[in-house]
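Trainee: Provided below are the primary sequence and the corresponding predicted coordinates.
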Amino acid sequence: MVEFWIDYGFPLLIILLKIIVILVPVLIGVAFATYFDRKIWAAMQMRRGPNVVGPFGLMQPFADGLKLFMKETIIPAGANKGVFLLAPAITFSLAMIGWAVIPFGDGLVLSDINVGILYMFAISSLGVYGIIMGGWASNSKYPFFGALRSAAQMVSYEVSMGFIIVTVLLCVGSLNLSDIVRAQEKIWFAIPLFPMFVMFFISALAETNRPPFDLPEAESELVAGYQIEYSSMAFALFMLGEYANILLLSGLTTILFLGGWLPPFDIAPFNWIPGPIWFLSKLAFLFFVFSWVKATVPRYRYDQLMRLGWKIFLPLSLFWVVLTAGVLVAFDWVP
């Protein structure tokens, strides 16, 4: 029994503790992301935003969560109950699973696998299933329309995101996310690959159904899209999954283009600040831009959304892959 515990039980306990150490701060961060999102919109619209529950309204996310938890879960009579309730759980779970390979600092990662970028791409691609299931299982027209829009939108922008990631991998020669960060010690990839950085961020907006690409849940024509029939904690899981995905893609953008945990300059006082602080600061800045875009940019029409993805982003990302490979080979910079 003692040998079994030493061989299997203790390592499993260590893994579970690592998971808790990562998931609890992520969940708290997601909760406060909703607060700061609302505060940023309020500031840009010259309002105060949440300011009543707790000092500066900081307890508002927990009050909202308690309210949603106490509400009754209403399931439409014609809905497929099992799939209806499974959809938000899948969306939320996938958003949490993606954090397993995100390096917060040098060695501070739950699973430092050699194909981390492929893992991330696979997890982000699976996210569309929760939305499709929720829209179909609701047995209603507007949720189904929203699910169809989301499927087409997410698949369209994943193609260009894949080619953008290839340009980074060509410069690194590794699929490991920590190796990608270390390859940016001299210069962040956002500088030589600036067009790809901008395209990746815009594609992340589309991938998370955020304005100006919130067509799957456009309130002006679809009321709330695939979320119409959801209430209480089922709706909360969709919302938390969306914010977790926003933070996850902000973290991935930081790793691919902004040097991850590395400081902008390897001189004092920049290198005195711990790596995780740099990582979280860059992630917070990208999240601010997410909210900034929502408050300032009008929604695209659906045909404009598709045209941007297939006729602009896809050809441009393909061209940049060829250009990057050509430059690396011509100047013998192949890693």
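Mentor: Looks like it came in fine.

Trainee: Please make it C-alpha for all contacts and neighbour counts, starting now.
Mentor: Fine.

Trainee: longest helix of this structure?
Mentor: helix 10-44 (DSSP state H).

Trainee: Flag every buried residue along it.
Mentor: 19, 22-23, 26, 30-33, 35-41 (16 or more other CA atoms under 10 Å).

Trainee: Remind me what that helix packs against, helices and strands.
Mentor: Using 3 or more CA pairs under 8 Å, 6 or more residues apart in numbering; DSSP states H and E, the elements in contact with helix 10-44 are helix 60-70, helix 232-257, helix 275-296.

Trainee: Counting neighbours, what do you get for Phe62?
Mentor: By other CA atoms under 10 Å, the residues close to Phe62 number 15.

Trainee: Once you drop chain neighbours, what's closest to Ala236?
Mentor: Computed as CA to CA, 6 or more residues apart in numbering, the closest residue to Ala236 that is not its neighbour in sequence is Leu68, at 6.8 Å.

Trainee: show me what contacts that neighbour?
Mentor: Applying CA atoms under 8 Å, 6 or more residues apart in numbering to Leu68 gives the contacts Ser231, Ser232, Met233, Ala236.

Trainee: can you tell me how far it sits from Met233?
Mentor: 6 Å (CA to CA, to the nearest Å).

Trainee: what does Leu283 give?
Mentor: 27 Å.

Trainee: same thing with Met96?
Mentor: Counting by CA to CA - Met96 and Met233 are separated by 17 Å.

Trainee: what's the answer for Gly98, then?
Mentor: Following CA to CA, the distance that separates Gly98 from Met233 is 21 Å.

Trainee: Asp303 too?
Mentor: From Asp303 to Met233 the distance is 34 Å (CA to CA).

Trainee: More neighbours: the two, which one.
Mentor: The residue with more neighbours, out of Asp303 and Met233, is Met233; 22 against 8, by other CA under 10 Å.

Trainee: Touching, the more buried one and Thr73? I think so.
Mentor: Yes - between Met233 and Thr73 there is a contact under CA atoms under 8 Å: 7.1 Å.

Trainee: Phe290 versus Leu262, what's the distance?
Mentor: Applying CA to CA to Leu262 and Phe290 gives a distance of 22 Å.

Trainee: now Ala206
Mentor: Taken as CA to CA, the span from Ala206 to Phe290 is 11 Å.

Trainee: Could you check which of the two is surrounded by more residues?
Mentor: A direct count of neighbours by other CA under 10 Å for Ala206 and Phe290 places Ala206 higher, at 24 against 21.

Trainee: Please list all residues in contact with that one.
Mentor: Gln153, Met154, Tyr157, Pro212, Phe213, Asp214.

Trainee: What is the burial count for the nearest residue to the second one once chain neighbours are set aside?
Mentor: Okay, so that is Met154. Leaving aside its sequence neighbours, Met154 sits nearest to Glu207 (CA to CA, 6+ apart; 5.1 Å). Glu207: 28 surrounding residues under other CA under 10 Å.

Trainee: which ones are touching Glu207?
Mentor: Gln153, Met154, Tyr157, Glu158.

Trainee: Which helix or which strand is home to the last one?
Mentor: So the one you mean is Glu158. helix 141-172 (DSSP states H and E).

Trainee: mind listing what's buried in that helix?
Mentor: Neighbour-count burial for helix 141-172 [16+ other CA under 10 Å]: 142-151, 153-172.

Trainee: Can you tell me the closest non-neighbouring residue to Phe238?
Mentor: Pro88 (5.1 Å).

Trainee: Does the one you found touch Gly134 like I think?
Mentor: Yes - assessed by CA under 8 Å, Pro88 is found in contact with Gly134 at 7.1 Å.

Trainee: more neighbours, these two?
Mentor: When neighbours are counted by other CA under 10 Å, Pro88 and Gly134 differ, and Gly134 comes out ahead with 30 against 26.

Trainee: Go through the contacts of Leu68 and say which is closest to Phe201.
Mentor: Ala236 (25.3 Å; CA to CA).

Trainee: Surely that closest one and Gly65 touch.
Mentor: Yes - with contact defined as CA under 8 Å, Ala236 and Gly65 form a contacting pair (7.5 Å).
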